[in-house]
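J.: my questions concern the predicted model and sequence given below.
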Amino acid sequence: METVRFGVIGTSGWMDSFHLPAIQSHPNAQLRAVCGRNRERAEEVAEKYGCNAVYANYEVMLRNEALDAVIIATPEDLHYPMTMLALDQGLHVICEKPLALSAEQGREMYEKAEAKGVKHMIMYTSRWFPVFAYLKQLVDEGYIGMPYHGHFHWLNSWSADPADEYQWYYDPERAHGVVSEVASHMIDLAQWFLGDIQTISASLSTFVDRSQASDLPQDENDSAIILAEFANGAHGTIHCSTISRLASGIRHQDQVVVLHGHDGTLEVHGNAWASPPTAKIMGYRRGDESAQVLDIPDYFYGDAKKDVGFGVFTCNSVGTRLFIDAILNNSAIEPSFEQGWRVQQVVDAAIRSHQSKRQESLPQFAPVLGNT
C-alpha cells in the first residue's frame, strides 16, 4: 500500500482542526470521503480539503467507498455501532475517546479489531504532547523511583455557564459527562505512568443547570473526583471539571500531573490549548538542594514549533500520522482499543462507585492479545 485512503465520520471543529490537517500533511494519505449528519456542513468540510465524496449516512459510505481506514469523531453512543461496521468492512479504525458507552462494548470493539487484524487507535492526545511524553520517559528511567502517589487534575471552564445550545456531552442517553469527556484523558495518563488502577471511590456532581438548553430530565456530571489505588500499591487522585472559574494567576488549572516516589517528585503544568501553549516540568530528586525546571528535549518537538500547541500532530509521527505510518509499515500502535477498553473499565467503575457510595474493585484485566 502506497497511500492510505481515509473516510471520516463527523464534521465537528475537532475533526476539522485536528484530524483532517494531519491527513492533509501526510504525503501518503488521502481523504476520500466525508460523512456528517448535516450534509451542508459535510460539503463545506469536504470542499475545504479537496474531497468530492460526501455522505449523510455512514453505513452507505462505509459500504460503497473504496477506503482503507476511517476516523470516527462522533458522540460516544455512536462509537460502538460505527466501529463495528467499519471493522466488518475490514477497515483500520481511529476512534475518538472515550471508546464506547460501556466497558462491555469497548472489549467487543477491541477483540473484533484484533480478530480482523487491522490497526486500531484510541485518540488520547495528551500522550503525544511533548511535556507528557518527556514525563513518561523520566518515570520509565526511574526519576521518582518506587511510586507513592500521583495527582491528575484537569480543570477548565469550557462549560462554566449554562449553554444556549444542547450539548450532547451532558445527555445521559449519549454520554457520561465529564468523567468520560475529560477524565478519560487523565485516567489514561494515570495508568500510562503508574500502571493499572485496582480500586476506586468516586464522586460525580452536576453543578450547572442546563435545562434552558434542553428538555433532558437530568444532566450528566460536570465535575468528577476519583480516589484510586493502583495495582502496585500507589495512591492517586483524579479531579476533572469543565465548570471552574479560571484566570491568569490561578495555579491549579489546565492539565496538572504530580508524581511522588521514593526517589523524587515530578510536577507538570500543561495547556496545549493556550496561546502560546504552556508546558513546564519541575523535578526534585532525593539529595538535591532544591527543585529545578527540567527542559523538554528538542527531539520531542521534532519539526514542530514550540509555540504551536498541537504542532507536533502535523509534523511528527504522532496521533493520526502515527496511525498512517503504522498502516504503511505494519507497526504496533499505542494507545490502541485495548487502552481505550481499560480506561472504560475505570469510567464504568467510577459511575458504579458514585451510585453505590462504595469503593469499587476493577475486574482483573485479561491477558493482552497483542496489538496489531
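T.: Thanks, I have it.
J.: packing partners for the helix or strand hosting Ala115?
T.: Per DSSP states H and E, Ala115 falls inside helix 103-116. Helices and strands touching helix 103-116, by 3 or more Cβ pairs under 8 Å, 6 or more residues apart in numbering; DSSP states H and E, are helix 79-88, strand 120-123, helix 337-356. Heads up, the C-betas are built off the backbone N, CA and C, glycines and all.
J.: the longest one to helix 103-116, inter-axis angle?
T.: With axes from the mean of the first three to the mean of the last three Cα atoms, to 10 degrees as the basis, helix 337-356 and helix 103-116 are set at 170 degrees to each other.
J.: so what's the gap between whichever helix or strand comes after helix 337-356 and the chain middle?
T.: Next along the chain after helix 337-356, taking DSSP H and E as the criterion, comes strand 360-361. Between the centre of strand 360-361 and the centre of its host chain there is 23 Å, according to Cα atoms, centre = their mean, to the nearest Å.
J.: what pairs with strand 360-361, parallel or antiparallel?
T.: strand 197-205 (antiparallel) (DSSP bridges).
J.: please, where are all the helices along the stretch 251-372 of the chain?
T.: 319-329, 337-356 (DSSP state H, counting those that start in this stretch).
J.: out of these, which one sits most buried?
T.: helix 337-356 (a mean of 23; mean count of other Cβ atoms under 10 Å).
J.: model confidence score at the most centrally placed residue in the chain, please.
T.: Residue closest to the mean C-alpha point of the chain, counted by Cα atoms, centre = their mean, is Tyr124 at 2.7 Å. On pLDDT, Tyr124 comes in at 97.
J.: number of nearby residues for the nearest residue to it once chain neighbours are set aside?
T.: Once flanking residues are discounted, Tyr124 sits nearest to Asp188: 4.5 Å by Cβ to Cβ, 6 or more residues apart in numbering. Neighbour count for Asp188, taken as other Cβ atoms under 10 Å: 24.
J.: before we move on, what about the one 4 residues further on?
T.: The tally of other residues near Trp192 (other Cβ under 10 Å) stands at 18.
J.: before we move on, which element is it in?
T.: With DSSP H and E as criterion, Trp192 is part of helix 183-194.
J.: who touches that helix?
T.: 97-98, 124-127, 132, 135-136, 139, 147, 150, 152-154, 197, 224, 226, 228, 230, 232, 234, 236, 238, 240, 255, 257, 259, 335, 339, 342-344, 346-347, 350 (Cβ atoms under 8 Å, 6 or more residues apart in numbering).
J.: for stretch 343-360, same thing?
T.: 97-100, 102-103, 105-106, 122, 124, 176, 179-180, 183-184, 187-188, 191, 197, 199-204, 224, 226, 228, 361-363, 365.
J.: equivalent analysis for stretch 26-35, please.
T.: So stretch 26-35 is contacted by 2-11, 20, 23-24, 42, 45-46, 49-51, 53-58, 61, 65-67, 320-321, 324, 328 (Cβ under 8 Å, 6+ apart).
J.: same check on stretch 106-123?
T.: 69, 79-80, 83-84, 87, 90-97, 99-100, 319-320, 322-323, 326-327, 333, 335-341, 343-345, 369-372.
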